[in-house]
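# Structure for this input, please:
(one chain, ligands or ions: 5)
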Amino acid sequence: MKSKYSGISLVLLILLLLVSCLPRSGDKNQDRRMDDPDARAGEMEAWQDTMELKRGLERQSAFEYYVYASAETTPVQSAEGEDAADDPAIWVNRKDPEKSLVLGTNKTRGINVYDLLGNELQKMNIGMVNNIDLREGFQYRENEVVLVAASNRSINAISIMVLDPLSGRLSDTIANLTAGVDEVYGLCCYHQQDPDVYFVFVNGKGGIVEQWKISGIGENGAQASTLRKSEIQGEMVRSFQLSSQPEGMVADDSKGLLYIGLEQEGIIVVSADPGEEVESSMLPGSDGSNPSIYFDIEGLALFSIRGKDYLIASSQGNFSYAIFRLGAQAAYLGSFIIKEALVDGAEETDGLDLALGAFSSRFPEGIFVVQDGFNTDGDMKRNQNFKYVSFSPIRKMIEAMEDAHASGL
Ligand code: CA
Ligand code: CA
Ligand code: CA
Ligand code: CA
Ligand code: CA
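Ligands and ions are numbered 1, 2, ... in the order given. Below you'll find the predicted structure:
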């Protein structure tokens, strides 16, 4: 008996000695990180983000035209340093322009609604929503409302909501249209004028674009009884394949055209009419031959001044915005950046939107809204948000660009 116990004690003693001789690490947290692929990937991402920021700022410093943001939104809810805010859409309140709204996506959880001071008014946690767009004058429950559509990656669908123009409240999701694209990504609305039809375009990472016709209940009496559940009808009316990954899209309602940003190729234009052939043409100066464009091409917006049509595009790789004149005299005019002043500058912009009109004393001619990939307050890093820029200095800049272009500079 005695010899057996001493044998066990000896084994225990040897084990203790062995354990005490094992190499000890000075940083247990580091060991844990090395063992956890998620933590390692997170640190790598943070490092790449910093490198992207550094390189982007270097490239950005080449531009001479600049403006400042006059306001910024409440930062989006996300993990620290996460790429979360993505795409804004401006709703113009015709009756009371100062009460216009900005709808912004948070691709980690949903949609936020902001006022023109940047205050968050509403938060809708409807899923991983990437792009958003809207059109007014949509008939729903015998009322005129604002049709709001968003690409929802949680369910690979177009999520449809409506905004009440009287209260300015955004509804819950009233329909989810399951898309046939591989992974919903870019999205825009199109309001065809004649006939009066609303459409949503959605694209996927694999390069397929789907065009959906959207109608409210009661428009078509024969179908109304079968539609009572969703109250919104969506019908896929056209789909086409692009040569590479798209994202940002914008439709010109009055001309029936759809502009599509191919992230690594340039901006193409196709007919937005579902009955038309899909023949695309490249917007001059939007491809890799333009040294001022640094891919990805991201958000797109359209506007007109002095009877001329323009397109503005986010050139994400050099933190700048490119201006194109459209139509018969289509040309790249120049680029500008959003520098730091009272509000920090804008970097690595994904989505953007622009609306003209007299909104407020701060935005007397229009408002340009962009996503900011690196939001800071002083030297504090904050979650991403959206920046608001007055259109007045942009309009003056475009006039200067036109003058320079005309004189061949
Ligand atoms: Ca981003
Ligand atoms: Ca993108
Ligand atoms: Ca994006
Ligand atoms: Ca910033
Ligand atoms: Ca800030």
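# Tell me, please, where in the stretch 301-409 of the chain the pLDDT is lower than the cut-off.
Low-confidence segments of the stretch 301-409 of the chain (pLDDT under 70): 409.
# swap in the stretch 151-300 of the chain?
Low-confidence segments of the stretch 151-300 of the chain (pLDDT under 70): 217-230.
# so where do the strands sit in it?
Assigned by DSSP state E, counting those that start in this stretch, the stretch 151-300 of the chain shows strands spanning 157-163, 175-178, 184-192, 197-204, 208-216, 232-241, 246-252, 257-262, 266-271, 281-282, 297-305.
# who wins for proximity to ligand 1 among these?
strand 297-305 (8.2 Å; Cβ to the ion). Where C-beta positions appear, they are placed from N, C-alpha and C, glycine not excepted.
# Need the residues that contact the closest one.
For strand 297-305, the surrounding residues in contact (Cβ atoms under 8 Å, 6 or more residues apart in numbering) are 87, 247-250, 252, 259, 261-267, 286, 309-316, 326, 349-356, 366, 368, 370-371, 395, 398.
# quick one: what helix or strand has residue 396 in it?
Here residue 396, judged by DSSP states H and E, is contained in helix 391-406.
# Distance from the chain centre to that helix, please.
Mean-position distance between helix 391-406 and its chain equals 26 Å (Cα atoms, centre = their mean, to the nearest Å).
# Please name the nearest non-neighbouring residue to residue 80.
Nearest residue to residue 80, sequence neighbours excluded (Cβ to Cβ, 6 or more residues apart in numbering): residue 383, at 7.3 Å.
# need the helices for the protein, in chain order.
2-21, 28-35, 37-60, 221-224, 391-406 (DSSP state H).
# out of everything not next to it in sequence, what's closest to whichever residue of the stretch 101-250 of the chain sits closest to ligand 3?
As assessed by Cβ to the ion, ligand 3 sits closest to residue 247 within the stretch 101-250 of the chain, at 5.5 Å. Leaving aside its chain neighbours, residue 247 sits nearest to residue 186 (4.1 Å; criterion: Cβ to Cβ, 6+ apart).
# cool, and residue 154?
Leaving aside its sequence neighbours, residue 154 sits nearest to residue 127 (Cβ to Cβ, 6+ apart; 3.3 Å).
# and if you look at residue 158?
residue 177 (4.4 Å).
# How much space separates whichever residue of the stretch 251-400 of the chain sits closest to ligand 3 from residue 299?
Of all residues in the stretch 251-400 of the chain, residue 350 sits closest to ligand 3, at 3.6 Å by Cβ to the ion. Distance, residue 350 to residue 299, using Cβ to Cβ, to the nearest Å: 6 Å.
# measure residue 139 to ligand 5 for me?
With distances taken as Cβ to the ion, to the nearest Å, residue 139 is found 40 Å from ligand 5.
# ok, the spatially closest residue to residue 277 that is not a sequence neighbour to residue 133 distance?
In this structure, residue 277 finds its nearest non-sequential neighbour in residue 271, 7.4 Å apart by Cβ to Cβ, 6+ apart. Noted for residue 271: a distance of 18 Å to residue 133, by Cβ to Cβ.
# Compare those two and say which is more crowded by neighbours.
Set side by side, residue 271 and residue 133 show more neighbours around residue 133, with 25 against 16, by other Cβ atoms under 10 Å.
# per-residue confidence at the more buried one?
Looking at residue 133, its pLDDT is 99.
# was I right about it contacting residue 90?
No: using Cβ atoms under 8 Å, residue 133 is not in contact with residue 90, being 10.1 Å away.
# Angles on the backbone of the closest residue to ligand 1 within the stretch 201-350 of the chain, please.
As assessed by Cβ to the ion, ligand 1 sits closest to residue 350 within the stretch 201-350 of the chain, at 4.6 Å. Dihedral pair for residue 350: phi -90, psi -100, per degrees, to the nearest 10.
# if I pick it, what's in contact with it?
By Cβ under 8 Å, 6+ apart, the contact set of residue 350 is 85, 86, 87, 298, 299, 314, 316, 371, 373.
# go with 6 Å
By Cβ atoms under 6 Å, 6 or more residues apart in numbering, residue 350 lies in contact with 86, 298, 371.
# Backbone torsions only: list them for the residue nearest to residue 317 when sequence neighbours are not counted.
Using Cβ to Cβ, 6+ apart and skipping residues adjacent in sequence, the residue nearest residue 317 is residue 294, 3.3 Å away. When read as degrees, to the nearest 10, the backbone of residue 294 gives phi -130, psi 110.
# Equivalent analysis for residue 62, please.
phi -80, psi -20.
# okay, now it: neighbour count?
By other Cβ under 10 Å, neighbour count at residue 62 equals 13.
# What residues does this protein have near ligand 5?
Proximity of the chain to ligand 5, by Cβ under 5 Å from the ion, involves residues 344, 375, 377.
# Which of those residues sits closest to ligand 4?
residue 344 (4.0 Å).
# Against residue 326, how distant is the residue nearest the centre of the chain?
For the chain, residue 87 is the residue whose C-alpha lies nearest the centre (Cα atoms, centre = their mean; 2.3 Å). Between residue 87 and residue 326 the computed distance is 22 Å (Cβ to Cβ).
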